[in-house]
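> One predicted model, sequence on top.
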Amino acid sequence: MTVLSVTTVGALMASIQGSALLIVLPEMMGALHMDFMTMLWVLLVFLMVTTVMVPVLGRLSDMFGRKRIYVLGFAVFSVGSLLCGLSGSGFSGWDLVGFRVIQALGGSMLLANSMAMITDAFRKDRLGFALGVNGVAAAGGFVIGPVVGGILAPLGWEWVFFFNVPIGLFGTVWAAYRLREPRWDVIENKFDWFGTAAFFIGLFGILTAFTYMSFGDPNMMSIVYIMAFIGLIGLTAFVFIELRVEYPMMDLRLFRERNYAVGNLTNLLNGLCIGAGTFLLIFYFQGPCGKDAFTAGLLLVPSGLPMMIVGPFSGRLSDKYGPKLLTAGGLALTTAALAGLAFIDGGTPLWQVACLQVVMGVGGGMFASPNASSVMTAVPPKRRGIASGARIMLRNTGTMFSLAIAFPLVLAGLAPDDMYHIFMGEGVDLVSNAALKMLVSGLDEAFALFAVISAVSVIVALMRPGRRHREKAVGTDGSEASKENEQSQGAIT
């Protein structure tokens, strides 16, 4: 339970930060004299750095110890948050973008280890429930984040970052004194420098290309093509290297195990389907519905609250009956909710939108912990840092692609002033009716496309092995995960 309490603090801190930041963005843009693109970089750079770094830090945690990386993550996140809050207006917000990189590095250290440490600490028949409880913290932080943002906003946008500092310091001390390292000896102490360099270049190039594509600016297409070409070359070299080195940064051979492969693919597709959902709904609430930023944030609560309730129950059921039907059912509910959102317009009652959000939240709660449990138990303990990092990397990659798909559809044809007024929550009176109609049309198209992709994810989830299938995870030595899993339970409690 010690591990669960420590990781819960990290999940709660990160999720509160994410949703509270959305509330103070309008004030922050005005105070720092940021344009819309800089504001997007404040949000996207955290996601980009996390996506690139979690697999690397997962490998390092397998080599040097999960406790060390996790404790350092709390400390770095706290320092990054303090620097973000101290950002001035002299650089039009770009100093804040730089400090968000530091904050994201700390967050990557936490994310890369939390799932692995929980998997190490709990027996397999209790793992789904433990992951569900950890998910409650993430969902709970998302729910209370807008309230925290609304309370702190009168004090200044800086306090959304300062708020993290005491929590991060507490987490640093708590983790340092209460966590213990796993029991097995780490003998694979060679780091894959060439594979890591290729991975950095490849994923950074692809994510940068999709980030600029999401802005929808034709003048940026040359950057998109160049970065996409660099990214493809880097990822091709990465795959070539990883399949040939003795100690890879990311063990691609783990994907031979069907539970691991299906779990990661559905995680990628689910991130692709709902990654842009928060932004799309904020545009809807602040545009056609004419709500201010704080009210729009509160209107996101119906999607987070059900995850808090459903997550632990879904995890417990997956411990008993297996993850296949729960993950497929959760993805099916997500598909239904996205299909319903594809028909909303400015006249749709808010209670109908809230009901669709509840359905999506229930679907997310059903899917998350059983899927995470199936992925993490499919690999040997000494590979769980890599597995956790790869899982989060694929999820975040799906989110980045989701934004790149959604933003051009939603923002196409909108004048910069209209875009600014909508996101600032300054009221629909400042936006033309034609612009609002274009926005609604783009929202419907985006939700419809994501509903189709989500339907595909349901089919993929049904390809998961059944309950009676003997789960194996092939490591570099060909050993079965189940043998090592039994030896490692309770290793760091």
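Sure thing, it's come through.
> number of nearby residues for residue 193?
Number of residues near residue 193 (other CB atoms under 10 Å) recorded here: 11. To be clear about C-beta, it is placed using only N, CA and C from the backbone, and glycine gets the same treatment.
> ok, now residue 246?
8.
> do the same with residue 23
Around residue 23 sit 28 other residues, with neighbours defined as other CB under 10 Å.
> quick one, what contacts it?
145-146, 149-150, 153, 160, 293-294, 297 (CB atoms under 8 Å, 6 or more residues apart in numbering).
> Report the lowest-confidence entry in these.
pLDDT across the contacts of residue 23 is lowest for residue 293, at 76.
> list the buried ones in stretch 347-365?
348, 353, 356-365 (16 or more other CB atoms under 10 Å).
> which two in those residues are spaced the farthest apart?
348 and 365 (24.2 Å; CB to CB).
> residue ranges with poor pLDDT in the stretch 1-150 of the chain?
1, 89-92 (pLDDT under 70).
> so where do the helices sit in it?
Using DSSP state H, counting those that start in this stretch, the helices found in the stretch 1-150 of the chain span residues 2-32, 36-64, 66-85, 94-121, 124-152.
> Out of those helices, which is the most enclosed?
helix 94-121 (a mean of 25; mean count of other CB atoms under 10 Å).
> Tell me the helices and strands packed up against the helix or strand residue 259 falls within.
Using DSSP states H and E, the element containing residue 259 is helix 258-274. Here helix 258-274 touches helix 324-341, helix 350-376, helix 384-411, helix 433-461, going by 3 or more CB pairs under 8 Å, 6 or more residues apart in numbering; DSSP states H and E.
> Distance from the chain centre to it, please.
What separates the centre of helix 258-274 from the centre of its chain is 13 Å, taken as CA atoms, centre = their mean, to the nearest Å.
> what is the mean pLDDT for that helix?
In this model, helix 258-274 has an average pLDDT of 91.
> Report the contact partners of residue 451.
273, 335, 338-339, 341-342.
> wait, residue 340
With CB under 8 Å, 6+ apart, residue 340 has these contacts: 356, 359.
> How much space separates it from residue 454?
Here the distance between residue 340 and residue 454 works out to 12 Å (CB to CB, to the nearest Å).
> Can you give me the distance of residue 198 to residue 248?
On the measure of CB to CB, residue 198 and residue 248 end up 11 Å apart.
> overlap in contacts of those two?
Joint contacts of residue 198 and residue 248 (CB under 8 Å, 6+ apart) are residue 241.
> surely residue 124 meets residue 377?
Yes - between residue 124 and residue 377 there is a contact under CB atoms under 8 Å: 5.6 Å.
> shaky segments in the stretch 301-450 of the chain?
The stretch 301-450 of the chain contains residues with pLDDT under 70 at 413, 423-430.
> Swap in 80 and give it another go.
381-386, 388, 411-435 (pLDDT under 80).
> Over to the stretch 151-300 of the chain?
Residue ranges of the stretch 151-300 of the chain with pLDDT under 80: 178-191, 207, 210-220, 247, 249-250, 292-293.
> how close does the residue nearest the centre of the chain get to residue 47?
Taking CA atoms, centre = their mean, the centroid of the chain lies closest to residue 396, which sits 5.0 Å from it. Using CB to CB, we find residue 396 at a distance of 6 Å from residue 47.
> Most neighbours among the contacts of residue 451, please name it.
Most crowded among those, counting by other CB under 10 Å, is residue 273 at 28 neighbours.
> residue contacts, that residue?
With contact set as CB under 8 Å, 6+ apart, residue 273 has these partners: 334-335, 338, 398, 402, 450-451, 453-454, 457.
> Residue 129 contacts residue 317, correct?
No - between residue 129 and residue 317 there is no contact under CB under 8 Å: 9.1 Å.
> quick one: which two of the contacts of residue 451 are the most distant?
273 and 342 (12.1 Å).
> Check the burial of residue 173 by counting its neighbours.
There are 13 residues near residue 173, going by other CB under 10 Å.
> For it, give its distance to residue 179.
For residue 173, the distance to residue 179 - CB to CB - is 11 Å.
> and if you look at residue 363?
33 Å.
> does residue 338 really touch residue 360, like I thought?
Yes - the pair residue 338 / residue 360 is scored as a contact, 7.3 Å apart, by CB under 8 Å.
> Please enumerate the shared neighbours of the two.
In contact with both residue 338 and residue 360: residue 274, using CB under 8 Å, 6+ apart.
> As a check, name the ranges of all helices in the stretch 151-300 of the chain.
Going by DSSP H, counting those that start in this stretch, the stretch 151-300 of the chain shows helices at 158-162, 164-178, 193-214, 221-242, 258-274, 277-286, 293-298.
> so which of those helices comes closest to residue 77?
So among these, helix 164-178 is nearest, using CB to CB, at 5.2 Å.
> buried residues in that closest one?
164-165, 167-168, 171-172, 174-176.
> residues making contact with that helix?
Outside helix 164-178, the residues that reach it (CB under 8 Å, 6+ apart) are 2, 5-6, 9-10, 12-13, 16-17, 67, 70-71, 74-75, 77-78, 81-82, 85, 106.
> quick one: contacts for residue 115?
131, 372, 376, 384, 387-388, 391-392.
> Of the residues you listed, which is the nearest to residue 301?
Nearest to residue 301 among these is residue 131, at 22.5 Å by CB to CB.
> And residue 18, how far from residue 176?
Residue 18 is 25 Å from residue 176, by CB to CB.
> swap in residue 375?
In terms of CB to CB, residue 375 sits 28 Å off from residue 176.
> secondary structure element for residue 417?
Per DSSP H and E: helix 416-424 holds residue 417.
> Now that helix - C-alpha only, CSV.
Provided in CSV are the C-alpha atoms of helix 416-424 (Å, rounded to 0.1, in the frame of the first residue of the first chain):
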residue,chain,number,x,y,z
PRO,A,416,-7.1,34.5,-35.8
ASP,A,417,-9.3,37.0,-33.9
ASP,A,418,-12.2,34.6,-33.8
MET,A,419,-10.0,31.8,-32.6
TYR,A,420,-8.5,34.1,-29.9
HIS,A,421,-11.9,35.3,-28.7
ILE,A,422,-13.3,31.7,-28.5
PHE,A,423,-10.4,30.3,-26.6
MET,A,424,-10.2,33.3,-24.2
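> Other residues contacting that helix?
Taking contacts as CB under 8 Å, 6+ apart, the residues outside helix 416-424 that touch it are 25-26, 29-30, 36, 39, 282-283, 286-287, 293, 411, 414, 427, 430-432, 435, 439.
> what's the angle between the helix holding residue 259 and helix 433-461?
170 degrees (axes from the mean of the first three to the mean of the last three CA atoms, to 10 degrees).
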